[in-house]
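Asks: Compute the structure for the input listed below.
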Amino acid sequence: MFDVLSVGNANVDLIINSNNLKTNEEFITRAGGSACNFAVGCSRLGLEAAFLGFIGRDSFAERVVDSLESEGVKPLVKRVPEHTGFVVVFTRKRFKKFFKYPGANTNLEGLRLKSYFNKAEHLHLATPPLSLLKQVKGSVSVDPGSTISKYKLDELKPYLKNVKVFFPNVEEARSITGLSYKRAAQALVEAGVEVVVVKRGRYGCYLRTKDESFKTKSLDYPVTDTTGAGDAFASAFISAHLKGKSLKEACRWGIISSNICVTKLGARNSATISELNELL
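Replies: From the prediction side, this is the model:
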């Protein structure tokens, strides 16, 4: 059994960086996808992690598989006739713009999770279609992304009671509830989520449960690229939780990993266990 099974998109990121066009990193190609990034983040922090998703039969597919295996993540991939998904990312420090080609990822809509619940202690859904959220049970975390945040709270409420940790950013929390991030977190808890962690970028995070709420500040790190910072945060938070850490410690792990991530170019720069330990 795995510690974590991460379900969602597998992409290759085509990154155009305008921080310094004189460097040889003005255009780079790297494996990405929020669910893949999450699995890698957990693996770097000592968990047995697996990824479940869809890829094509092209060179991008091989890059996805090779990148996961090189990070110690088990790829439970399903190969389909469509091309592997990719994202063109324009980035400059805190600014980023995405152009997405979903490709094989569209098959997530029809994925059935029942046979995977007994394969991992914890299940994570990253930017999932609503059809996956409807199936969740047990220890599940959800990063809503653009797919879930397009729905309103009343539409999501029947399925949120089965979510242990919900990771919206400020804009996603507002889109779902129509409220400021603090009030949005409270509304999500009242809808049945056990722990809501609102990712606030340069301002850190805000956590809300039925019994407590608190903020954790960000670190003062130089920003090169914010792509993947949310995945770095969520993977470190869940890793801490599964290792028995308190909610405040889990937020601290998430902040450290996300802040390390933004100092480098690309989505897959979450903290290693040694980097984390240096700052705890």
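
Asks: Just give me the neighbour total for Phe54.
Replies: 24 (other C-beta atoms under 10 Å). Backbone N, C-alpha and C define where each C-beta goes, glycine included.

Asks: The one 3 residues further on now?
Replies: Residues lying near Arg57 (other C-beta under 10 Å) number 14.

Asks: ok, now Glu121?
Replies: Residue neighbour count, defined by other C-beta under 10 Å, stands at 14 for Glu121.

Asks: ok, now Ala31?
Replies: Neighbours of Ala31 using other C-beta under 10 Å come to 25.

Asks: Tyr101 now?
Replies: 15.

Asks: Pretty sure it sits against Thr84.
Replies: No - with contact defined as C-beta atoms under 8 Å, Tyr101 does not reach Thr84; the gap is 9.2 Å.

Asks: Which pLDDT value goes with the residue nearest the centre of the chain?
Replies: The centroid of the chain falls nearest to Asp231 when counting by C-alpha atoms, centre = their mean (3.3 Å). Looking at Asp231, its pLDDT is 96.

Asks: Look up the pLDDT of Val223 for me, please.
Replies: For Val223, the predicted pLDDT is 83.

Asks: Point me to the helix or strand that includes it.
Replies: Using DSSP states H and E, Val223 falls within no helix or strand.

Asks: Could you measure from the closest residue to Gly110 other than its chain neighbours over to Val140?
Replies: Closest residue in space to Gly110, ignoring its immediate chain neighbours: Ser131 at 7.3 Å, by C-beta to C-beta, 6 or more residues apart in numbering. Computed as C-beta to C-beta, to the nearest Å, the Ser131 to Val140 distance reads 15 Å.

Asks: cool, and Leu133?
Replies: Distance of Leu133 to Val140, given as C-beta to C-beta: 9 Å.

Asks: Need the overlap of contacts for the two.
Replies: Shared contacts of Leu133 and Val140 (C-beta atoms under 8 Å, 6 or more residues apart in numbering): 125, 163.

Asks: so Arg197 sits in a helix?
Replies: For residue 197 the amino acid is Val, not Arg. No - applying DSSP: H, G, I helix; E, B strand; the rest coil, one finds Val197 to be strand, outside a helix.

Asks: which residues does it bridge with?
Replies: Beta-bridge partners recorded for Val197 (DSSP bridges): Leu207.

Asks: Tell me how many other residues crowd it.
Replies: Counted with other C-beta under 10 Å, Val197 comes out at 26.

Asks: Put the alpha carbons of stretch 63-80 into PDB.
Replies: What follows is stretch 63-80, C-alpha atoms only, in PDB (Å, rounded to 0.1, in the frame of the first residue of the first chain):
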ATOM      1  CA  ARG A  63       9.000  12.200 -20.300                       C
ATOM      2  CA  VAL A  64       6.100  12.100 -17.800                       C
ATOM      3  CA  VAL A  65       6.800   8.500 -16.800                       C
ATOM      4  CA  ASP A  66      10.600   8.900 -16.700                       C
ATOM      5  CA  SER A  67      10.300  12.100 -14.500                       C
ATOM      6  CA  LEU A  68       8.000  10.300 -12.000                       C
ATOM      7  CA  GLU A  69      10.200   7.200 -11.700                       C
ATOM      8  CA  SER A  70      13.300   9.300 -11.300                       C
ATOM      9  CA  GLU A  71      11.700  10.900  -8.200                       C
ATOM     10  CA  GLY A  72      10.600   7.600  -6.700                       C
ATOM     11  CA  VAL A  73       7.000   7.900  -7.700                       C
ATOM     12  CA  LYS A  74       5.100   4.900  -9.000                       C
ATOM     13  CA  PRO A  75       3.300   5.900 -12.200                       C
ATOM     14  CA  LEU A  76      -0.100   4.100 -12.400                       C
ATOM     15  CA  VAL A  77      -0.700   5.600 -15.800                       C
ATOM     16  CA  LYS A  78      -3.400   4.700 -18.300                       C
ATOM     17  CA  ARG A  79      -2.300   5.100 -21.900                       C
ATOM     18  CA  VAL A  80      -4.900   6.300 -24.400                       C
END
